[in-house]
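> give me a 3D structure for the following:
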Amino acid sequence: MIRLNLADQSDSLPWGGAISIGNFDGVHRGHAALINQLCDLATDLNCPSVVVTFDPSPASILRPNAAPPPLTWIQRRVELLQRCGVDHVVVCKTDSDLLKKSAREFFDDILIHALGARGIVEGPNFYFGRDRAGDVKLLAQLCKDQRISFRVADAMVIDGEVISSTRTRELIERGDIAEANRLLTAPYRLRGTVVAGASRGRTLGFPTANLSAIDTLVPAPGVYACRVRGPITPPHPAAVHVGPNPTFEDQQSKLEIHLIDFSGDLYGQTLEVEWIGRVRDVISFGSSSELRSQLDSDIETSRRMIADRALPPNA
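The predicted structure follows:
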């Protein structure tokens, strides 16, 4: 990962490459298809392939109260982009100076002066510059004027719909993890810090790690089969409860992780939760014994779902 701060440019920036710029949030299969076309152009031009992404997202600064929660934290996004085969990932610092740049200034300052672009690949819905004034038509003309190769990547369609970060986000918000994962290049993952909870799970015989300080989208309330990463190796199977706990009249939404066949102290640790599939909705039980019986069933269902989705090599 290479950082780009226009106020203090680094000598380590890749120069003279084929470039694609965007948020790339989630790094879905549409992004991977675009990067394949970027790598093809880089091969044709005999130059490196370079993806430029933003941290934080422009929307989080321009519309802080309306910006959607991200699907990836920046280190995870860079990792996924690198897995797609790109030579370099440049993370551009998003600040007010960057957001004030006109489309022409954005093109000149980033693509020409900072990176010396020889080729550019973007999707058909790419916009750039202040107020999103620049589009692929303008970008094509600017590239022509500078004798830069330019290609518009075809959008990738599954089931008649374009794959997008918005579509992926809507699926996760509905709890349809299996369908969201079908669009992504890797199973959806979030991270957080383990904090103290009410210890009800331990009392029931199902201790949980309560996750806080989560910086990406949390799926809809429900029970899910997951794998957990962090100080635990290898990735550990888990049943995860998201939402309130109506059995105990607790309406506060929480994310509680029961690590299957695990014992140990995880307080203060950062865990990454990889979502495999949805087990059931949040429901209220008439007694603790009914809840315990259901939790036993949830754990067995989670075991099966996780076993059916074996980890690929180097995942």
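> contacts and neighbour counts: CA atoms only from here.
Fine.
> figure out the helix or strand that residue 298 lives in.
Assigning secondary structure by DSSP states H and E places residue 298 in helix 288-307.
> that helix: how far from the chain's middle?
Mean-position distance between helix 288-307 and its chain equals 28 Å (C-alpha atoms, centre = their mean, to the nearest Å).
> show me the contact partners of it.
204, 206, 223-227, 237-239, 260, 276-277, 279, 285 (C-alpha atoms under 8 Å, 6 or more residues apart in numbering).
> what does stretch 52-68 give?
With contact meaning C-alpha under 8 Å, 6+ apart, stretch 52-68 is reached by 19-24, 74, 89-95, 99.
> how about a cut-off of 7 Å?
The contact list for stretch 52-68, computed with C-alpha atoms under 7 Å, 6 or more residues apart in numbering, reads 20, 21, 22, 23, 24, 74, 89, 90, 91, 92, 93, 94.
> the nearest residue to residue 284 once chain neighbours are set aside and residue 298, how far apart?
Nearest residue to residue 284, sequence neighbours excluded (C-alpha to C-alpha, 6 or more residues apart in numbering): residue 247, at 4.6 Å. Distance, residue 247 to residue 298, using C-alpha to C-alpha, to the nearest Å: 16 Å.
> neighbour count: those two, which is higher?
Neighbour count, other C-alpha atoms under 10 Å: between residue 247 and residue 298, residue 298 has more, with 21 against 15.
> residues touching the spatially most central residue of the chain, list them.
What sits nearest the mean C-alpha location of the chain, by C-alpha atoms, centre = their mean, is residue 72, with 2.6 Å. Counting by C-alpha under 7 Å, 6+ apart, residue 72 makes contact with 25, 26, 216.
> could you do residue 227 as well?
Residues in contact with residue 227 (C-alpha under 7 Å, 6+ apart) are 235, 236, 237, 238, 273, 274, 275.
> contacting residues around the third one?
Neighbour list for residue 237: 226, 227, 228, 259, 260, 303, 306 [criterion: C-alpha under 7 Å, 6+ apart].
> how many neighbours does residue 190 have?
Neighbours around residue 190, by other C-alpha under 10 Å: 21.
> where's it, which helix or strand?
Here residue 190, judged by DSSP H and E, is contained in strand 189-195.
> mean confidence for the helix holding residue 298?
The pLDDT scores in helix 288-307 average 94.
> would residue 141 count as being in a strand?
No: if the criterion is DSSP: H, G, I helix; E, B strand; the rest coil, then residue 141 is helix and not within a strand.
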